[in-house]
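Visitor: Return a 3D structure for these sequence lines:
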Amino acid sequence: MGEIKAEVLLPTQELRDDIPFYTKVLGMRMDMIYPADDPTVAVFSGHGLRVRIEKDVAVAPGHLRILCEDPDGFADGKTRLKAPNGTQIDIAPLYEPLVMPETVHSFVVRRLADQAPWVIGRAGMHYRDLIPDRLGGSIIASHIRIPDGGPVPDMVHYHTVGFQLIFCYRGWVDLVYEDQGEPFRLHAGNCVIQPPQIRHRVLFASDNIEVIEIGVPAEHVTTIDHDMELPNGPANPERVFSGQRFVHHKADAATWGPFRIPGFESRDTTIAAHTGNVAGVHVVRATAEKSVWTQHDGDILFTFVMAGHMVLEGEGRAPHKLEAGDAFVIPPGMPVRYGDPSDDLELLEVSLPGVFNTTPGGAV
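Guide: Predicted structure coming up:
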């Protein structure tokens with residue numbers, strides 16, 4: 001088809017007033033101008049944009065955004081300008097800043113039996129929200145499923161995020177990550193953390209794959225990387241991304257040890273150690289010891305019931321009988337007890353920070 005270009009068309013009343021603004025103030029290059037004796041059209045390019053300014057054309061003056069690594073060093077530090085032809089120019093950071101909202105603590109119970117709607121999200125995946133109020137925007141927890149297995153229509157992308165976990169709940173999924181070597185299969189019971197801005201892609205999924213995805217904060221930017229191909233090489237598994245290392249936790253290689261709550265044990269995914277204590281992830285099961293009332297001083301404590309059943313007791317709250325597929329959030333300082341756990345109970349606990357204090361106390 002030959003070369004193809006696109007341009008933005010903007011109007012002007014007097015082209016000679018616009019030329020110095022677009023070239024000197026905005027630092028664009030003038031590529032074309034005509035007619036020579038009384039110019040009415042000029043084309044400028046720069047910053048990944050091509051602009052055609054035409055005299056007396058019947059279009060709106062438009063609104064342009066110029067993104068800079070150093071906004072203070074562009075256009076004398078001005079963040080908003082108006083061109084002679086009426087076009088508004090906003091100067092903004094090249095990368096969307098990561099905003100971490102303050103946690104709005106609440107006690108949350110989300111039951112699968114409540115039939116919360118599944119919505120179609122990115123790449124055709126089905127999403128179910130596990131924390132509807134998102135604790136003031138501080139976290140999003142999603143139960144994600146892909147009913148029909150096969151290739152996933154995903155692209156190489158990354159997230160501007162503080163913490164992100166993918167835990168394979170059922171089935172398996174093939175993934176590939178920047179600097180982590182060849183694609184690999186994430187099996188049920190295993191998980192990965194996706195450090196901030198690590199490029200990755202979902203390749204192939206089994207039928208009825210289900211994962212639990214945690215993102216902090218709840219709203220974060222996903223950017224498509226059209227230039228990187230994965231796998232890239234050579235592998236560099238020790239690379240640090242914004243203070244965090246990639247982790248692929250495998251259940252069959254994990255060891256079980258005492259959990260922070262008496263009556264339970266856990267396998268530590270080592271995520272706290274690899275994120276500088278930003279977050280921690282444990283898989284938890286009951287022991288023969290009797291459970292007790294406890295409270296914690298962490299910021300966020302989210303739990304998903306993967307198997308079995310239990311009764312969640314909270315001081316001043318009615319007991320909740322929870323089963324597989326249910327989720328809950330315990331705010332700091334609230335006494336709770338994990339009562340009547342079944343022998344097959346298995347919980348996924350995600351905390352921010354990774355290490356915090358748990359103390360006995362509460363109702364009797």
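
Visitor: How much space separates Q88 from R80?
Guide: Using CB to CB, to the nearest Å, Q88 is found at 7 Å from R80. To be clear about C-beta, it is placed using only N, CA and C from the backbone, and glycine gets the same treatment.

Visitor: My error: substitute Y34 in the last question.
Guide: Relative to R80, Y34 is positioned 31 Å away (CB to CB).

Visitor: cool, and S266?
Guide: 52 Å.

Visitor: neighbour count winner among these two?
Guide: Legend: neighbour count by other CB atoms under 10 Å for S266 and R80, higher for S266 (20 against 10).

Visitor: bridging residues for the more buried one?
Guide: G257, V284 (DSSP bridges).

Visitor: Quickly list the domain ranges of the protein.
Guide: According to automatic domain parsing, the chain comprises the domains 8-93, 117-243, 253-360.

Visitor: how long is the second one end to end?
Guide: In terms of CA to CA, to the nearest Å, the two terminal residues of domain 117-243 are separated by 36 Å.

Visitor: for stretch 333-344, same thing?
Guide: With CA to CA as the measure, the ends of stretch 333-344 fall 28 Å from one another.

Visitor: and what of stretch 267-275?
Guide: End-to-end span of stretch 267-275 (CA to CA): 17 Å.

Visitor: E219 reaches G137, doesn't it?
Guide: Yes - taking contacts as CB atoms under 8 Å, E219 lies within contact range of G137: 6.2 Å.

Visitor: hang on, the earlier thing: right, and the domains of the chain - which one's nearest P101?
Guide: For the domains of the chain, proximity to P101 was assessed by CB to CB; domain 117-243 is nearest, at 4.2 Å.

Visitor: Report the mean confidence score over that closest one.
Guide: The pLDDT scores in domain 117-243 average 94.

Visitor: quick one: which of E219 and G137 has more around it?
Guide: It is G137, of E219 and G137, that has more neighbours when counted by other CB under 10 Å, with 17 against 11.

Visitor: That one and T103, how far apart?
Guide: Distance of G137 to T103, given as CB to CB: 9 Å.

Visitor: on that earlier part again, could you dump the domains of the chain to JSON lines with distance to M1?
Guide: Output for the domains of the chain, formatted as JSON lines (distance: least, CB to CB, whole Å):
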{"stretch": "domain 8-93", "distance to M1": "18"}
{"stretch": "domain 117-243", "distance to M1": "19"}
{"stretch": "domain 253-360", "distance to M1": "48"}
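
Visitor: Contact partners for N190?
Guide: N190 makes contact with F167, C168, H248, H249, K250, A251, according to CB atoms under 8 Å, 6 or more residues apart in numbering.

Visitor: Now which of those would you call buried?
Guide: Neighbour-count burial (16 or more other CB atoms under 10 Å) applied to the contacts of N190 gives F167, C168, H249.
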